[in-house]
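# Mind folding the following:
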Amino acid sequence: MIATIRSSERLTLIGRPVLERRRSYRIPLGPHVSIHVEDLEPASISVLSLGGVTIETARKPSLGACYTLQIDYGRSSARLEIRVDRSSLQELYYSDSGHSRVRYLVGARFLNPDIPALNVLYRIMKDHWIPDAIAEE
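Numbers count the residues shown, from 1 in each chain. Sure, this is the predicted structure:
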């Protein structure tokens, strides 16, 4: 059985609430936020939460590998260490003309973010908050 749950709904099982898997909201982002990830350029943020990030990149990362994520937002910036938890091939386009491309979707969690970095993440999430567009899995 597959169920989609909106943030305002609660799922119950035999009269007991089902614990939500996520501890913080995940906000879908577009190209509005500038990022740099060493060894994974070019990269962009697809989904952001206070606990981690989903990145789209043209290079395949190693599972369990750690990278430095630089986020520039307005006049603020944050450097965060991330650890890759999952990676999957999202798009593969082949062209005989040589304009082939590949795109990976990478799920990573933040490793011990400091308060200034969390403030930048919070500001990004607050500025891009759309209640009906919360990412769900």
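# which secondary element of this protein has the worst mean pLDDT?
strand 12-13 (a mean of 41; mean pLDDT, DSSP states H and E).
# the longest strand in the protein is where?
Determined from DSSP state E, the single longest strand within the chain is strand 76-93.
# Gln70: neighbouring residues, count only.
Gln70 has 13 neighbouring residues, counting by other Cβ atoms under 10 Å. Just so you know, the C-beta spots here come from the backbone N, C-alpha and C atoms, and that holds for glycine as well.
# Helix, strand or coil: sort out the residue nearest to it when sequence neighbours are not counted for me.
Leaving aside its chain neighbours, Gln70 sits nearest to His36 (4.3 Å; criterion: Cβ to Cβ, 6 or more residues apart in numbering). Using DSSP: H, G, I helix; E, B strand; the rest coil, the structure places His36 in strand.
# residues touching Leu29, list them.
45-48, 124, 128 (Cβ atoms under 8 Å, 6 or more residues apart in numbering).
# Let me know the closest of these to Gln70.
Using Cβ to Cβ, Ile45 comes nearest to Gln70 of the contacts of Leu29, at 11.6 Å.
# wait, the closest one sits on Gly52?
No - judged on Cβ atoms under 8 Å, Ile45 makes no contact with Gly52 at a distance of 10.8 Å.
# could you pull out the helices for the chain?
115-127 (DSSP state H).
# so where is it shaky, pLDDT-wise?
Applying pLDDT under 70 to the chain picks out residues 1-24, 30-31, 130-137.
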